[in-house]
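Colleague: starting from these lines, generate the structure:
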Amino acid sequence: MTQSRCDRCSTTGPAHDFVSAGSDGTWRVLCIRCFNTEMAQFADLHGFEHPSFTPLRLRDVDDNHHEFHFCGLLLGDQLSLEAFELAGDDEAAGYRFQILGEADAEPSALLGQLIQKMKRALALKHLQADAGRLQIANTTVRGRVEWNGDENARQPCTIIDGQRIKWNDLGAMLLAFEGWQFRLEMLDPSDEA
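Modeller: Prediction:
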């Protein structure tokens, strides 16, 4: 498990509980609680309560279980509530969801909205196996663009249905639609896809 240490309070823990924050060219690693405390001071928010939620297990359309961890980040006048899956090495992988609300919003109300967004996404399936190979299930594919993990590569990878799909593999799936038109629309992670 990758561990991090907060430059402000010296707390150590899993890397997904920390953020890299910087200003004026100086970068620090902060635990989420210290990051939120500093952001509340910066935004002049008094009495900000750091949200903390227990991980939640949800099932997808194929009845597979997904365990989501939550992170609440204060971003000035907005509160970002995020849900993510962890891979074996405690790094975020798979499905990832985000919702934005006002900084003074009730975190449990935002959590309810986020869980509904998660359930809607988990009820959809964009890829299907056909003769042992993944194919696009219908004519719409939703996912997110990610770094492929290779610093020398100039191609991203994608996360579709919670699984990592290499750029070349997605291209091979698109060949089934040769001659078709397409629309590529990029959405903020907090928007509904």
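
Colleague: only C-alpha atoms from now on, for both contacts and neighbour counts.
Modeller: Fine.

Colleague: quick check: buried residues in the helix or strand of the chain with the lowest mean pLDDT?
Modeller: Evaluated with mean pLDDT, DSSP states H and E, the helix-and-strand set of the chain has its lowest mean pLDDT in strand 18-23, which scores a mean of 90. Taking 16 or more other C-alpha atoms under 10 Å as the basis for neighbour counts, the residues of strand 18-23 that come out buried are F18, V19.

Colleague: that strand pairs with which strands, and in what direction?
Modeller: Strands flanking strand 18-23 in the sheet, each with its direction: strand 26-31 (antiparallel) (DSSP bridges).

Colleague: show me what the helix or strand following the strand it pairs with is packed up against.
Modeller: Scanning the chain past strand 26-31 towards its C-terminal end, the next helix or strand to appear is helix 32-42 (assignment: DSSP states H and E). Based on contacts counted as 3 or more C-alpha pairs under 8 Å, 6 or more residues apart in numbering; DSSP states H and E, the elements that helix 32-42 packs against are strand 18-23, strand 65-75.

Colleague: for the last one, packing partners?
Modeller: Counting contacts by 3+ C-alpha pairs under 8 Å, 6+ apart, the secondary-structure elements packed against strand 65-75 are helix 32-42, strand 56-59, strand 78-86.

Colleague: which of these sits closest to L187?
Modeller: When those are compared for distance to L187 using C-alpha to C-alpha, the nearest one is strand 78-86, at 15.7 Å.

Colleague: report the angle between the closest one and helix 32-42.
Modeller: Strand 78-86 and helix 32-42 are oriented at 170 degrees to each other (axes from the mean of the first three to the mean of the last three C-alpha atoms, to 10 degrees).

Colleague: which parts of strand 78-86 are buried?
Modeller: L79, S80, L81, E82, A83, F84, E85, L86.

Colleague: who's in contact with the closest residue in space to the fifth one that isn't next to it in sequence?
Modeller: Just to be clear, that refers to A83. Nearest residue to A83 in three dimensions, chain neighbours excluded: F70, at 4.5 Å (C-alpha to C-alpha, 6 or more residues apart in numbering). With contacts defined as C-alpha atoms under 8 Å, 6 or more residues apart in numbering, the neighbours of F70 are S52, F53, T54, P55, L81, E82, A83, F84.

Colleague: just the strands from the chain, written as ranges.
Modeller: Assigned by DSSP state E, the chain shows strands spanning 3-5, 12-14, 18-23, 26-31, 56-59, 65-75, 78-86, 92-102, 127-130, 133-136, 143-146, 157-160, 163-166.

Colleague: and L184, which of those strands is closest to it?
Modeller: The nearest among the strands of the chain, by C-alpha to C-alpha, is strand 143-146 at 11.6 Å.

Colleague: sheet partners, orientation included, of that closest one?
Modeller: Strand 143-146 has its sheet partners listed here by DSSP bridges as strand 157-160 (antiparallel).

Colleague: and the partner strand, how far from the chain's centre?
Modeller: 12 Å (C-alpha atoms, centre = their mean, to the nearest Å).

Colleague: sounds good, over and out.
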